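Asks: build the 3D model from these lines:
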Amino acid sequence: MIRKYLKFYGAVQGVGFRYRAEHAANMAGATGWVRNDPDGGVSMEIQGTEEQIDWVILMIEKGTYIEIQRISAKTIPLAEKEYGFRTRSY
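Replies: Numbering: from 1, shown residues only. Now for the predicted structure:
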């Protein structure tokens, strides 16, 4: 089990990114959150196996209008007793 902080850049706001992320993460059984950032990017903390996280990213990239140009990622400490995946406000 790992937890990652991911920052997505590109055409990622106003294109259904957060909805897709939340749906994919819940389908994969991953936990965490996703939010739009004031700089036009999207931040996400996601916890699960490497395979679950990779699958969620692949499902997001399949979005019709979503165009991820770059992703920055870092591993962060696990969140204990976290349930589900949700969209957060900034």
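Asks: do you know the pLDDT at the residue lying closest to Ala11 once chain neighbours are set aside?
Replies: Leaving aside its sequence neighbours, Ala11 sits nearest to Glu67 (CB to CB, 6 or more residues apart in numbering; 3.9 Å). C-beta: built from backbone N, CA, C; applies to glycine. What the model reports for Glu67 is a pLDDT of 96.
Asks: try Thr64
Replies: Thr64 is given a pLDDT of 87.
Asks: which residue ranges of the protein form helices?
Replies: For the chain, the helices defined by DSSP state H cover 17-28, 50-61.
Asks: buried stuff in the first one?
Replies: The neighbour-count criterion (16 or more other CB atoms under 10 Å) identifies Phe17, Arg18, Arg20, Ala21, Glu22, Ala24, Ala25, Ala28 as the buried residues of helix 17-28.
Asks: also the last one?
Replies: Burial within helix 50-61, assessed by neighbour count using 16+ other CB under 10 Å, is assigned to Gln52, Ile53, Trp55, Val56, Ile57, Met59, Ile60.
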